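Asks: Have a look; sequence and predicted model below, questions after that.
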Amino acid sequence: GPKVLQIPSHQIIDMGQMVTLNCDPVSNHLYFYWYKQILGQQMEFLVNFYNGKVMEKSKLFKDQFSVERPDGSYFTLKIQPTALEDSAVYFCASSLLDWGYEQYFGPGTRLTVL
Amino acid sequence: SQWGEENLQALSIQEGEDVTMNCSYKTYTTVVHWYRQDSGRGPALIILIRSNEREKRSGRLRATLDTSSQSSSLSITAAQCEDTAVYFCATDPSSSFSKLVFGQGTSLSVVP
């Protein structure tokens, strides 16, 4: 089936540094999402993105977070600066249609902030 | 059952047994997604059930949805070892742009 790729699979950085998580969504999909999962906890919605704009973001999507998809390339999540509580697995997802349809998830990027 | 402040649940059954996982949700929705997540991978949709369906089947899987009680269930018939995974229910309370709200998940282990 359609695949979403995420690069890197694991990233270790020092607190205060900037990190960019990359997502290669399914090629014809129009809607993009980021979710955060802390070990042992449920996955939580961060942000959705359509037509070059953030449509909705949760309280977890702090001011230090930003997303973009320049020229149809990678859909990225940037955190600047990082904090210890940002350590988690971040999942990217994409969908062809919006509400009520399947989201395809990537394998996740495990971010460790030291 | 999943939701709220509950921790990840764990179930262990033997191959060939049937199992049902329950999900209660707080915010009104007309669609429930059931995902499975294998170790080291992202979630994969296994059944999406809408309020006008009440029940949906896919192979050995059966999902139900009761919007009046705000609950959904996923049943696996004659479980096999390859069904071992974490199963999540997710609702989409938004009426415009999608933002899935996941339950805590049920870790299912099927042993020979």
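Replies: In hand now; what should we look at?
Asks: Every contact and neighbour count from this point should use C-alpha atoms.
Replies: OK.
Asks: Please, which helix or strand holds the one residue sitting closest to the centre of chain A?
Replies: By CA atoms, centre = their mean, the mean C-alpha position of chain A lies nearest to A:W34, the distance being 3.3 Å. Secondary-structure assignment from DSSP states H and E places A:W34 in strand A:31-37.
Asks: can I have that strand written out in PDB, keeping just the CAs?
Replies: Taking Å, rounded to 0.1, in the frame of the first residue of the first chain, the C-alpha atoms of strand A:31-37 are listed here in PDB:
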ATOM      1  CA  TYR A  31      -3.400  16.700   3.800                       C
ATOM      2  CA  PHE A  32      -0.500  16.300   6.200                       C
ATOM      3  CA  TYR A  33      -0.300  15.800  10.000                       C
ATOM      4  CA  TRP A  34       2.200  15.400  12.800                       C
ATOM      5  CA  TYR A  35       1.500  13.400  16.000                       C
ATOM      6  CA  LYS A  36       3.600  13.000  19.100                       C
ATOM      7  CA  GLN A  37       3.800   9.900  21.200                       C
END
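Asks: Within its sheet, name the partner strands of it and how each one runs.
Replies: Looking at strand A:31-37 with DSSP bridges, its partner strands are strand A:44-50 (antiparallel), strand A:88-95 (antiparallel).
Asks: from the chain's centre, how far out does that strand sit?
Replies: Its chain's C-alpha centre and that of strand A:31-37 lie 5 Å apart, by CA atoms, centre = their mean, to the nearest Å.
Asks: go on, stretch B:77-84?
Replies: 14 Å.
Asks: Next to chain B in this structure, residues from chain A, please.
Replies: Residues of chain A that fall close to chain B, judged by CA under 8 Å from any CA of the partner chain: A:40-45, A:47-48, A:55-56, A:91, A:98-108.
Asks: what about residue 78, neighbour count?
Replies: Using chain A here. 16 (other CA atoms under 10 Å in any protein chain shown).
Asks: The chain in question should be chain B.
Replies: 14.
Asks: Now do the contacts for the closest residue to it other than its chain neighbours.
Replies: Among residues not flanking B:A78 along the chain, B:G16 sits closest, at 4.1 Å (CA to CA, 6 or more residues apart in numbering or on different chains). Residues near B:G16 by CA atoms under 8 Å, 6 or more residues apart in numbering or on different chains: B:T77, B:A78, B:A79, B:Q80.
Asks: now do A:Q6
Replies: A:L21, A:N22, A:C23, A:D24, A:C92, A:G106, A:P107, A:G108, A:T109.
Asks: what about 10 Å?
Replies: A:21-25, A:74-76, A:90-93, A:105-109 (CA atoms under 10 Å, 6 or more residues apart in numbering or on different chains).
Asks: Give the buried subset of the residues of chain A next to chain B as a ChimeraX selection command.
Replies: Typed into ChimeraX, the next command selects the buried ones out of the residues of chain A next to chain B (criterion: 16 or more other CA atoms under 10 Å in any protein chain shown):
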select /A:41,42,43,44,45,47,48,56,91,98,99,100,102,103,104,105,106,107,108
